[in-house]
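Undergrad: Need coordinates for the following:
(one chain, ligands or ions: 1)
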Amino acid sequence: MTHRDNSNHTPFLKWAGGKRWLVECHPNIFPPFSGKYIEPFLGGGSVFFHLTPDRAVLSDSNAELIDTYLAIKNGWQKVLEILQHHAKKHSDAYYYTVRSSRPKSLAEKAARFIYLNRTCFNGIYRVNRKGQFNVPRGTRNSVIFETDDFEGLSKLLKKAELKACDFEEMIDGASAGDLIFADPPYTVRHNNNSFIKYNEKLFSWNDQVRLSNCLKRAAQRGALIIATNAHHQSIIELYWDGFQLQSIFRKSLISANKKFRGNYEELLIVGNV
Ligand SMILES: C[S@@+](CC[C@H](N)C(=O)[O-])C[C@H]1O[C@@H](n2cnc3c(N)ncnc32)[C@H](O)[C@@H]1O
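TA: The predicted structure follows:
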């Protein structure tokens with residue numbers, strides 16, 4: 001069941017491939033459901049914050065990201081206090097000091113993660129081979145946003161189970177009546193040169209095949225499925241049997257060059273809805 005409270009839960013992270021545009025342009029594509037909400041590629045959680053479900057299972061393979069959600073869920077006050085400290089000290093040099101720090105407590109780790117996300121180049125998350133965050137400083141200077149409501153986020157996250165793991169484990173746990181929203185990195189076949197690198201590991205074509213197979217199994221058990229992906233023939237071939245496929249359009253206004261502004265086509269994959 002979705003629980004629509006009146007608070008406005010704005011995602012607190014900028015995330016590559018984030019789906020804020022999806023909930024803004026297509027808010028009604030998510031069906032009512034009787035079980036739990038499952039989001040196995042959580043990232044910035046735009047859809048979770050839009051739906052505010054009563055029962056949720058949220059996961060991502062990025063353990064630092066999941067730790068940040070856990071810190072807000074279980075101790076948002078401490079996270080905010082440290083983030084306010086980072087905001088006061090923020091400068092070029094301070095950014096690199098925080099970037100090379102390795103804090104021990106969950107609250108310090110989360111405040112560091114949010115601070116770097118908000119001040120690094122384009123909100124990108126990228127780590128080197130040793131797993132160390134290596135994105136340079138960006139141009140934005142706001143560390144605390146007017147929209148921040150960590151207390152509200154914490155209340156909402158209390159209704160969610162959080163886990164750092166691979167998507168297959170989560171999707172295999174879905175049963176009849178659950179809603180799965182799956183938003184993987186958009187890798188396509190024969191595209192190994194322009195791969196998408198989120199963590200140390202790539203999301204390979206084999207992962208796309210594995211995803212489509214476990215979504216099929218979940219659909220056969222009666223779970224409701226909404227997934228997004230690249231509008232590409234190789235992806236269409238993975239899902240044409242057993243799912244409804246639709247084109248959805250993402251408006252992009254961000255390119256500085258007029259030629260690149262406009263509608264981008266993506267694929268919506270729907271099962272049992
Ligand atoms: C497109 S982003 C999700 C964006 C999210 N829907 C939002 O609105 O911000 C894809 C996410 O998948 C995660 N990911 C990559 N490989 C994964 C895997 N094998 N299992 C689970 N999550 C994975 C990445 O860490 C990234 O956060």
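Undergrad: ok, and for the least confident helix or strand in the chain by mean pLDDT, which residues are buried?
TA: For the chain, counting by mean pLDDT, DSSP states H and E, strand 244-252 ranks last in confidence among helices and strands (a mean of 87). Within strand 244-252, the residues scored as buried using 16 or more other CB atoms under 10 Å are 248, 250. C-beta coordinates here come from the backbone N, C-alpha and C atoms, glycine included.
Undergrad: Can you name the element that comes right after that strand?
TA: Using DSSP states H and E, the helix or strand that directly follows strand 244-252 along the chain is strand 262-271.
Undergrad: Residues touching that following strand, excluding its own?
TA: The list of residues contacting strand 262-271 from outside it, by CB atoms under 8 Å, 6 or more residues apart in numbering, reads 29, 215, 218-219, 223-232, 235-236, 239, 242-252.
Undergrad: domains of the chain?
TA: 20-61+165-271, 65-151 (automatic domain parsing).
Undergrad: Strand partners (parallel or antiparallel) of the least confident helix or strand of the chain?
TA: Sheet pairing of strand 244-252 (DSSP bridges) gives strand 262-271 (antiparallel).
Undergrad: buried residues in the partner strand?
TA: 266-271.
Undergrad: what packs against whichever helix in the chain runs longest?
TA: What stands out as the longest helix in the chain, according to DSSP state H, is helix 63-89. Here helix 63-89 touches strand 56-60, helix 106-119, helix 150-157, strand 160-164, going by 3 or more CB pairs under 8 Å, 6 or more residues apart in numbering; DSSP states H and E.
Undergrad: Now the residue positioned nearest the centre of the chain: which helix or strand?
TA: In the chain, the C-alpha nearest the mean C-alpha coordinate belongs to residue 43, at 1.9 Å (CA atoms, centre = their mean). Under DSSP H and E, no helix or strand contains residue 43.
Undergrad: Leaving out chain neighbours, which residue sits closest to it?
TA: residue 15 (4.2 Å; CB to CB, 6 or more residues apart in numbering).
Undergrad: Show me which of the buried residues of strand 262-271 is closest to the ligand.
TA: residue 266 (11.0 Å; CB to the nearest ligand atom).
Undergrad: who's in contact with residue 241?
TA: Residue 241 touches nothing, counting by CB under 8 Å, 6+ apart.
Undergrad: For residue 225, see how far away it is.
TA: Counting by CB to CB, to the nearest Å, the gap from residue 241 to residue 225 is 14 Å.
Undergrad: you'd agree residue 115 is up against residue 99?
TA: No: Residue 115 is beyond contact range of residue 99, at 9.3 Å (criterion: CB atoms under 8 Å).
Undergrad: of the two, who's got more company?
TA: residue 115 (23 against 18; other CB atoms under 10 Å).
Undergrad: Counting neighbours, what do you get for the nearest residue to the more buried one once chain neighbours are set aside?
TA: Spatial nearest neighbour of residue 115, excluding adjacent residues (CB to CB, 6+ apart): residue 86 at 4.2 Å. Close neighbours of residue 86, defined as other CB under 10 Å, add up to 20.
Undergrad: mind showing which ranges of the stretch 51-200 of the chain have poor pLDDT?
TA: For the stretch 51-200 of the chain, residues meeting the criterion pLDDT under 70 lie at 190-200.
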